[in-house]
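A.B. asks: build me a structure from this.
(one chain, ligands or ions: 1)
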Amino acid sequence: MSTPILEAHDLSKRFVGATRLFAPKRFVTAVDRISLAVYPGETLAIVGESGSGKSTLGRLLLRLLAASEGHVYYQGEEITHASGARLNQLRRELQIIFQDPFASLNPRMTVEQIVGEPLWLHQKMGKADRQARVAELLATVGLPAAWARRFPHEFSGGQRQRIGIARALASGPKLLLGDEPVSALDVSVQAQVVNLLENLKQQLGLTMIIVAHGLAVIRHMSDRVAVMYLGQIVEMATVDEIFDAPLHPYTQALIASAPQTQPGLKHEMPLLQGDLPNPASPPQGCRFHTRCPHVTDECRQREPIAQVLEGGRQVSCHRWQELNRDRTVIQIAPPSAAFLRRRALFEHAASHSSL
Ligand SMILES: Nc1ncnc2c1ncn2[C@@H]1O[C@H](COP(=O)(O)OP(=O)(O)OP(=O)(O)O)[C@@H](O)[C@H]1O
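C.D. replies: Down below sits the predicted model:
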């Protein structure tokens, strides 16, 4: 496998949680000792319930948040403590697209100013060049260049998301993080934006991280999936492995709870019961044990260690082998044709790297 574009080693983030006056501080460990690698040209999805730490992990990887512990590497270079000019450079190369396109666009700026801002800030590009580049970027995301003089309120949700994407592309990024990039949009518009992201990724050889609840979007867009539960990754595998033969009881329940993605497996798997425990006081042992239908004393007492299977698949469950023995034939699938196609496009784009 190629060198990862991004890597996390034992990455943790603690926030000070809400407390009452004079009460002792409580900490929420939003991300707890996570290690993972993101490979060039792939789309890695991070999924899990609200509060599981997906957005925090994404922001730590992009250095938009500082880690409490652990290390982040970008193209092999440690960037955990990068600052000043190096951090600015990283901000250009690692871009984020937000969930709410309206909130992320300054309502008092025209599209030309919004999309052109990074060109001025990072490249000190003059006005005429900037206007020409903004027109190109708008065309790239499927918007007419003539709309550059308009303000964000004059656009629909999908069009605003396209403007947000054009702004992210203006910096010439190598990696895009989409934090719920389509969940605020109508279903019909979601597909258009997903297709746009797919096309851009192939055209420009981008790597993507998608943070999302929507499993249908994940299935459509991603190559690999990391499933998070209370700050930890409980399973990480290719998209087909996750949807067709999930090994962790939480992944199984998550998929069964979204029957539209996998109707055939609906009756075989338990639905997700109960709420996510309070992240400020997670359960001891396996964090999923309070909701797991297969819980044993070992699960209550001992935290499972991530097991790495052949092909790089990872699962953190004491009982995964025993529980899946009869249910699934586990095959480590070779990379899908779609992934290989993207990888080839990535290599092509990397060698012709002007957008
Ligand atoms: N700035 C912050 N200060 C305090 N706690 C925070 C902060 N940001 C996140 N948290 C807490 O960290 C935990 C993980 O939050 P995070 O937003 O990463 O989860 P998420 O899986 O992305 O959820 P959602 O899908 O709702 O965005 C939550 O308990 C959240 O309340």
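A.B. asks: going forward, measure contacts and count neighbours with C-alpha atoms only.
C.D. replies: Fine.
A.B. asks: which SSE is Phe15 in?
C.D. replies: strand 6-16 (DSSP states H and E).
A.B. asks: quick check: next helix or strand after that strand?
C.D. replies: strand 27-38.
A.B. asks: hmm, who's touching that following strand?
C.D. replies: The contact list for strand 27-38, computed with Cα atoms under 8 Å, 6 or more residues apart in numbering, reads 4-17, 44, 51-53, 56-57, 69-70, 230-233, 279-281.
A.B. asks: show me where the stretch 1-150 of the chain has its strands.
C.D. replies: Under the criterion DSSP state E, counting those that start in this stretch, the stretch 1-150 of the chain contains strands at 6-16, 27-38, 43-47, 69-74, 77-78, 94-97.
A.B. asks: which of those sits closest to Val134?
C.D. replies: Evaluated over the strands of the stretch 1-150 of the chain, closeness to Val134 peaks at strand 94-97, with 17.1 Å, by Cα to Cα.
A.B. asks: nearest residue to Leu137 other than its sequence neighbours?
C.D. replies: Closest residue to Leu137 apart from its sequence neighbours, by Cα to Cα, 6 or more residues apart in numbering: Ala166 at 5.6 Å.
A.B. asks: does the nearest residue to Gly41 once chain neighbours are set aside have beta-bridge partners, and which?
C.D. replies: Nearest non-adjacent residue to Gly41, counting by Cα to Cα, 6+ apart: Thr207, 4.4 Å away. Thr207 forms beta bridges with Leu175, as assigned by DSSP bridges.
A.B. asks: let me see the contact set for Thr207.
C.D. replies: 39-43, 174-176, 201.
A.B. asks: hmm, which of the residues you listed is lowest in pLDDT?
C.D. replies: Checking pLDDT across the contacts of Thr207, the minimum falls on Lys201 at 90.
A.B. asks: and that one, what is it in contact with?
C.D. replies: Counting by Cα under 8 Å, 6+ apart, Lys201 makes contact with 41, 207-208.
A.B. asks: is the ligand contacted by the strand or helix carrying Val211?
C.D. replies: Assigning secondary structure by DSSP H and E places Val211 in strand 207-212. No - against the ligand, strand 207-212 shows no contacts by Cα under 6 Å from any ligand atom, the least distance being 7.1 Å.
A.B. asks: that strand vs strand 6-16, what angle?
C.D. replies: Between the axes of strand 207-212 and strand 6-16, defined by axes from the mean of the first three to the mean of the last three Cα atoms, to 10 degrees, the angle is 40 degrees.
A.B. asks: got the angle for strand 207-212 vs strand 27-38?
C.D. replies: Here the directions of strand 207-212 and strand 27-38 differ by 140 degrees (the same axes, to 10 degrees).
A.B. asks: all the helices of the protein, residue numbers only.
C.D. replies: Remark: helices assigned in the chain by DSSP state H are 54-61, 84-93, 111-123, 127-140, 157-170, 187-204, 215-221, 239-244, 249-256, 297-301, 320-324, 337-351.
A.B. asks: the ligand: which of these is closest?
C.D. replies: Shortest distance between the ligand and the helices of the chain, using Cα to the nearest ligand atom, is found for helix 54-61: 3.7 Å.
A.B. asks: near the ligand at all, the closest one?
C.D. replies: Yes - Helix 54-61 lies within reach of the ligand by Cα under 6 Å from any ligand atom, at 54-56.
A.B. asks: give me the contact list for stretch 218-228.
C.D. replies: For stretch 218-228, the external contacting residues (Cα under 8 Å, 6+ apart) are 42-49, 52-54, 194, 198, 210, 212, 233-239, 242-243, 251, 261, 339.
A.B. asks: span of stretch 293-312 from start to end?
C.D. replies: End-to-end distance of stretch 293-312 (Cα to Cα, to the nearest Å): 27 Å.
A.B. asks: residues from the protein in reach of the ligand?
C.D. replies: Counting by Cα under 6 Å from any ligand atom, the chain comes close to the ligand at 15-17, 30, 49-56, 279.
A.B. asks: now with 8 Å, please.
C.D. replies: 14-18, 28-31, 47-57, 211-213, 228, 230-231, 278-280 (Cα under 8 Å from any ligand atom).
A.B. asks: which among these count as buried?
C.D. replies: Buried by 16 or more other Cα atoms under 10 Å: 14, 28-31, 47-49, 51-57, 211-213, 228, 230-231, 279-280, out of these.
A.B. asks: could you double-check that Arg313 sits in contact with Val239?
C.D. replies: No - contact criterion Cα atoms under 8 Å: Arg313 and Val239 do not qualify, at 10.7 Å.
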